[in-house]
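*Asks:* Show me the folded form of this:
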Amino acid sequence: MASMTRRTFMMGSAGLAAASSVYAASPNETLNIAAIGIGGQGKHDLKELAARGVNVTALCDVDWKLAGKAFETYPDAKRYKDFRVMFDEQSDFDGVVVATPDHTHAVASLWAMGHGKHVYCEKPLTHTVREARTLAEKYSETGLATQMGNTGQASDGARTLREYLIAGAVGPVRAVHVWTDRPIWPQAVARPQETKDVPESLDWDLWLGTAPERPFHPIYHPFRWRGWYDFGTGALGDIGCHRFHPLFYALDLKHPTSVHASSTELFDETYPAGSIVHYEFPARGEWPACSLTWYDGGLKPTRPRELEAGRALKDNGNIIYGDDGVMLDGRLLPESRMEDFPVPDETLSRSPGHYEEWIEACKGGPTPGANFEMAGMVTEVVLLGNIALRTQERLEWDAPNLRITNSDDANALLHRDYRPGWEI
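*Replies:* Numbers count the residues shown, from 1 in each chain. Down below sits the predicted model:
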């Protein structure tokens, strides 16, 4: 890039010790990016960004067969299997898309930030609670443009919901229920005993990254890694950041005081087939204390009595209960109340779009809505639910000190050990 603004910072989080620079393009310049993990969601992210004028200069994936379509689409981009090598050999990009499996989100993002690159990282932001706090702290230190890939946070619906709640559509909110039809991948299963040959296109050691060593099996890759503790974050990790973020925005939610969970049968290495996770949040200014309850695996909350006969709860949705009313998926119940309630004034600024937010921030524009401070906090809350799920205990949460105050076993799950060479 010809015209840049610059400030330096010391790199530390990714095991780096040299000084680097943070650059911001001018509004009219082309943004150059690299991508790590391009066989699935990363391929979609690249398509969205390229449609908005972004130039792709480097591509990295541990499975070159899976990455083949992206390689064909961006033939001029240099190709890598190891993102560490990519950063050593190439620097002609300003931002990085991270769309690997969950267990390598943090290490790849921190490596990029340590090299002064802006980061767009898919949800959930990290694999562990402590990783989420680390990324938020690195963001605060560097001032880089960051965005987590939960596109719904930029929707007009999130703003409209907050405007209705501020207008008193349901009165003080006491309870929120959120559910999903996930998982749609293997969970509640044991580790396979047989071994399989590693595909020629795949570097299995690089795919494992931070995770403990184990033999390759197609039950992990591609895509089906989400249900395994070592690699994914289950249904809650997959969808929770999507569904919680707009609600946190609408209700000024931050950290809970406690969380507990129940589920179907627990397994040693995979998330259960279905679960319910219950969070308690304190009062916030004029907002009273409230609960948020999560359901997955086909489980759903009790049908609201205000819901008209003949209407069913969808496979994915949310219900907000206030002292004066109920909202289902952002609409008052019954539907006649929605028709009668005055449409609130549009008082909140609208987003130019989720990807646009990050692009503009890379060029010195406003802070994105899913920046790593906000995204880190939402991810911490989501992943706390998974800890409650694994321990089946009621956990008391001390957010400022990043500590569960009543369970040493649960505290041990806030983070995990990394394989040598992959430490953060």
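*Asks:* Which secondary structure element of this structure has the lowest mean pLDDT?
*Replies:* When the helices and strands of the chain are scored by mean pLDDT, DSSP states H and E, strand 4-10 comes last with a mean of 25.
*Asks:* Residue 133 in helix, strand or coil?
*Replies:* Per DSSP: H, G, I helix; E, B strand; the rest coil, the local secondary structure of residue 133 is helix.
*Asks:* What of residue 174?
*Replies:* Following three-state DSSP, we place residue 174 in the strand state.
*Asks:* who's in contact with it?
*Replies:* Residue 174 sits next to 288, 289, 290, 291, 321, 322, 323 when contact means C-beta atoms under 8 Å, 6 or more residues apart in numbering. Yep, even glycine has a C-beta here, placed from its N, CA and C like the rest.
*Asks:* Filter the residues you listed down to the buried ones.
*Replies:* 290, 291, 321, 322 (16 or more other C-beta atoms under 10 Å).
*Asks:* Could you export those as a markdown table, including pLDDT and distance to residue 314?
*Replies:* As requested, the buried ones among the contacts of residue 174 are arranged in a markdown table below (pLDDT from 0 to 100; distance: C-beta to C-beta, whole Å):
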| residue | pLDDT | distance to residue 314 |
| --- | --- | --- |
| 290 | 98 | 23 |
| 291 | 98 | 21 |
| 321 | 98 | 18 |
| 322 | 98 | 21 |
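*Asks:* Of all pairs in the residues you listed, which one is the farthest apart?
*Replies:* Pairwise distances among the buried ones among the contacts of residue 174 were taken by C-beta to C-beta; the largest, 12.7 Å, belongs to 291 and 322.
*Asks:* And the strands in the stretch 51-200 of the chain?
*Replies:* Assigned by DSSP state E, counting those that start in this stretch, the stretch 51-200 of the chain shows strands spanning 55-60, 78-80, 95-98, 118-121, 146-148, 173-179.
*Asks:* So which other helices or strands are in contact with the first one?
*Replies:* Same thing as strand 55-60. Of the remaining helices and strands, those touching strand 55-60 by 3 or more C-beta pairs under 8 Å, 6 or more residues apart in numbering; DSSP states H and E are strand 32-36, helix 41-50, strand 78-80, helix 83-89.
*Asks:* Same list (the strands of the stretch 51-200 of the chain) but as a markdown table, adding distance to residue 209.
*Replies:* Rendered in a markdown table, the data for those read as follows (distance: least, C-beta to C-beta, whole Å):
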| stretch | distance to residue 209 |
| --- | --- |
| strand 55-60 | 12 |
| strand 78-80 | 14 |
| strand 95-98 | 12 |
| strand 118-121 | 15 |
| strand 146-148 | 19 |
| strand 173-179 | 30 |
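*Asks:* export those strands to TSV and tack on mean pLDDT?
*Replies:* Rendered in TSV, the data for the strands of the stretch 51-200 of the chain read as follows (pLDDT from 0 to 100):
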stretch	mean pLDDT
strand 55-60	98
strand 78-80	98
strand 95-98	98
strand 118-121	98
strand 146-148	98
strand 173-179	98
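*Asks:* Tell me which of these sits nearest to residue 239.
*Replies:* Distance to residue 239, taken as C-beta to C-beta, is lowest for strand 173-179 among those, at 8.6 Å.
*Asks:* who touches the next helix or strand along the chain from the closest one?
*Replies:* On the C-terminal side of strand 173-179, the nearest following helix or strand under DSSP states H and E is helix 204-208. Here helix 204-208 makes contact (C-beta under 8 Å, 6+ apart) with 62, 63, 81, 82, 101, 198, 214, 216, 221, 419.
*Asks:* circling back: nearest to residue 41, out of the strands of the stretch 51-200 of the chain?
*Replies:* Using C-beta to C-beta as the criterion, the shortest distance between residue 41 and the strands of the stretch 51-200 of the chain is 9.4 Å, found for strand 95-98.
*Asks:* for the residue nearest to residue 58 when sequence neighbours are not counted, what are its contacts?
*Replies:* Using C-beta to C-beta, 6 or more residues apart in numbering and skipping residues adjacent in sequence, the residue nearest residue 58 is residue 34, 3.7 Å away. If you count contacts by C-beta under 8 Å, 6+ apart, residue 34 has them with 56-60, 77, 86, 90, 93, 95-97, 117.
*Asks:* Next, find the distance separating residue 34 from residue 111.
*Replies:* Here the distance between residue 34 and residue 111 works out to 11 Å (C-beta to C-beta, to the nearest Å).
*Asks:* repeat for residue 241
*Replies:* Noted for residue 241: a distance of 21 Å to residue 111, by C-beta to C-beta.
*Asks:* before we move on, what about residue 128?
*Replies:* 17 Å.
*Asks:* Walk me through the domains of the chain.
*Replies:* With domains defined by automatic domain parsing, the chain comprises 4-152, 153-186+229-354+381-412.
*Asks:* List of residues touching stretch 41-56?
*Replies:* So stretch 41-56 is in contact with 30-36, 38, 61, 69-70, 73-74, 77, 97-100, 120, 122, 149, 355-356, 359, going by C-beta under 8 Å, 6+ apart.
*Asks:* hey, where'd the helices end up in the stretch 201-350 of the chain?
*Replies:* Under the criterion DSSP state H, counting those that start in this stretch, helices of the stretch 201-350 of the chain are mapped to 204-208, 234-251, 335-340.
*Asks:* Mind checking those for the one nearest to residue 412?
*Replies:* Checked against C-beta to C-beta, the stretch from the helices of the stretch 201-350 of the chain lying closest is helix 234-251, at 18.3 Å.
*Asks:* Could you identify which of the helices and strands packed on strand 55-60 is most buried?
*Replies:* Burial of the helices and strands packed on strand 55-60 is given as mean neighbour count (mean count of other C-beta atoms under 10 Å); strand 32-36 ranks first at a mean of 26.
*Asks:* and the angle from it to strand 55-60?
*Replies:* In this structure, strand 32-36 runs at an angle of 20 degrees to strand 55-60, with axes from the mean of the first three to the mean of the last three C-alpha atoms, to 10 degrees as the basis.
*Asks:* Could you list the paired strands of strand 32-36 along with their orientation?
*Replies:* When pairs are called by DSSP bridges, strand 32-36 turns out to pair with strand 55-60 (parallel), strand 95-98 (parallel).
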